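In: coords please:
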Amino acid sequence: MIIYFDESYDGNHKYLILGALFNPHPKFLHQGLIRIKKDYNFYDRTNGKPLELKYNNCTNANSLKVGCEAINLFFKSTSYFRCVVIDQSILDLNYFGKKHEKNSIKMARVYKKFAELLLAHSTDHIYNGVLLTDELTRCKGDEFISLMQNDFCSPSGHYCDVANKPTLKHISDIKSHLENYHINQINDVLIGCVLNNLVPTVKEFKNNLRLYLIKKLEVDDLLKTSYPWTHYSKTYVETYTPKFSIWYWEPKTRK
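Out: Just a heads-up that it's a prediction; the model follows:
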């Protein structure tokens, strides 16, 4: 199992979205995406290298076609997608540190906590997997990867439930624009579509990419007020949304 992990923000940083693409058979997506880029001549004319497929780069008809074909490829695969949406306007950072600590330190804890929860909810019965994270701007310079290694890569880790069989055997960051890791570009597209529904845009091609995903999912939209995103639990996801799941986090009511 290879898991790709990525992040996204809107321009005002109201929403933080963490997304993970789980790949039991990663070669299928890797080879399929190479084929799609060849079929649509999705290459840089200046150097002949394949272009990077990203939600933010969906700015013309050809990039939209490639994005839609990448979504089709995802649905044909055994891969599955999980993301968590954190509305930072309802996030109380005081629960993640002491008053005198900088908000950036508290936010790093928020980031790690939701990343580990997102992964832990979908890694039952997964052993010796690999986690590849895009170069994460939010966690640059902190101990995110080493802390995740402690939790997931050690047989005694918090999220390892079988002796001598860690959930993950390797965690590292990657550069998603490189072809060796371009599966994460599909992850970026799926996260981007969720963001697109949360933050309106006038960009036609980005909107059409999101509408295409909605059509494939056979849902009304990707907002938390619509079925099936109104409810989240591990059992619910495994039963009703095993291919594509959005967790809209809300704080628990404290007495």
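
In: Identify all contacting residues around the helix or strand of the chain with the lowest mean pLDDT.
Out: The helix or strand of the chain with the poorest confidence is helix 144-152; it has a mean of 84 (mean pLDDT, DSSP states H and E). Outside helix 144-152, the residues within contact range by C-beta atoms under 8 Å, 6 or more residues apart in numbering are 108, 111-112, 115-116, 119, 123, 131, 133, 136, 139, 157-160, 166-168, 171-173. C-beta here means a position set from N, CA and C on the backbone, and glycine is covered the same way.

In: what do you get for stretch 22-31?
Out: By C-beta under 8 Å, 6+ apart, the residues outside stretch 22-31 that reach it are 1-4, 73-74, 76-82, 122, 182-183, 186.

In: average pLDDT for the longest helix seen in the chain?
Out: In the chain, assigned by DSSP state H, the helix with the most residues is helix 103-120. For helix 103-120, the mean per-residue pLDDT is 87.

In: what do you get for stretch 218-225?
Out: Averaged across stretch 218-225, pLDDT comes to 97.

In: List of residues touching it?
Out: If you take C-beta under 8 Å, 6+ apart as the criterion, stretch 218-225 is touched by 85, 193-194, 197-198, 210, 213-214, 226-230, 246, 248.

In: Pick out whichever of the residues you listed sits closest to residue 14.
Out: residue 198 (8.3 Å; C-beta to C-beta).

In: Just give me the neighbour total for the residue nearest to that closest one when sequence neighbours are not counted.
Out: Nearest non-adjacent residue to residue 198, counting by C-beta to C-beta, 6 or more residues apart in numbering: residue 15, 5.6 Å away. Residues near residue 15, counting by other C-beta atoms under 10 Å, number 17.

In: Could you do the one 10 residues further on as well?
Out: Residues lying near residue 25 (other C-beta under 10 Å) number 12.

In: how much space between it and residue 48?
Out: Here the criterion is C-beta to C-beta, to the nearest Å. By it, residue 25 lies 29 Å from residue 48.

In: ditto for residue 96
Out: For residue 96, the distance to residue 48 equals 47 Å [C-beta to C-beta].
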